[in-house]
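> what follows is a predicted protein model with its sequence.
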Amino acid sequence: MEDWKALIDQAMQIETTDTIGAHGLYEKAVRAALAQSQMLLGDLEAAQIIESIYGALVAYSQTVMLRMKAEDPEVGSPDHAFRAGQAYGVSCILNHLIDRLTDVAGITALGALDDFSDTLHDEIIIQARASGLTVELLDAKGEILFD
């Protein structure tokens, strides 16, 4: 297994001279770090840490959405777009990275958190579209939403 820390270090060294190469190294680092995390899921203590981080990200995403609800910004305004984009970014981390992990030992609630975060992502997409964000949006499983 490749060392994700070394890959990140290599990518950082070439960011200013080889953007495409650095991007590729960062992608390899993602895969290597997730592979290492997957291996750790068999250890109860490590699995609980991963589960806790997942829970923190789910809760953070919800705090952003509720902050937007409390602030009640005009749909499509810069404040609305900012909050929707902020929630979308956290949701993408959950749904496009952490969801790649599988708790084969069944010692965590990752499956239930995955289902919940997919539902949240669907709600966030509605807000992101309403805000007029001009980025391509991805569904909870990483597929481009064309409409």
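Yes, it's here.
> okay, now the residue lying closest to residue 139 once chain neighbours are set aside: neighbour count?
Spatial nearest neighbour of residue 139, excluding adjacent residues (Cβ to Cβ, 6 or more residues apart in numbering): residue 145 at 5.6 Å. C-beta here means a position set from N, CA and C on the backbone, and glycine is covered the same way. Neighbour count of residue 145, defined by other Cβ atoms under 10 Å: 11.
> the residue nearest to the spatial centre of the chain and residue 10: what is the separation?
A centroid search over the chain (Cα atoms, centre = their mean) returns residue 93, at 0.6 Å, as the residue closest to the centre. Using Cβ to Cβ, to the nearest Å, we find residue 93 at a distance of 22 Å from residue 10.
> hang on, isn't residue 142 packed against residue 93?
No - using Cβ atoms under 8 Å, residue 142 makes no contact with residue 93, being 11.7 Å away.
> ok, back up a step: show me the contacts for the residue nearest to the centre of the chain.
Neighbour list for residue 93: residue 57 [criterion: Cβ atoms under 8 Å, 6 or more residues apart in numbering].
> which other helices and strands contact the longest helix seen in the chain?
Taking DSSP state H as the criterion, the chain has its longest helix at helix 44-71. Secondary-structure packing of helix 44-71 (3 or more Cβ pairs under 8 Å, 6 or more residues apart in numbering; DSSP states H and E): helix 19-40, helix 78-96, helix 110-131.
> do that again at 6 Å, thanks
helix 78-96, helix 110-131 (3 or more Cβ pairs under 6 Å, 6 or more residues apart in numbering; DSSP states H and E).
> out of these, nearest to residue 54?
For residue 54, the closest of these is helix 110-131, at 5.1 Å, according to Cβ to Cβ.
> tell me how far the most far-flung residue of the chain relative to its centre lies from residue 11.
Residue farthest from the centre of the chain, counting by Cα atoms, centre = their mean, is residue 17 at 27.4 Å. Taking Cβ to Cβ as the measure, residue 17 falls 11 Å from residue 11.
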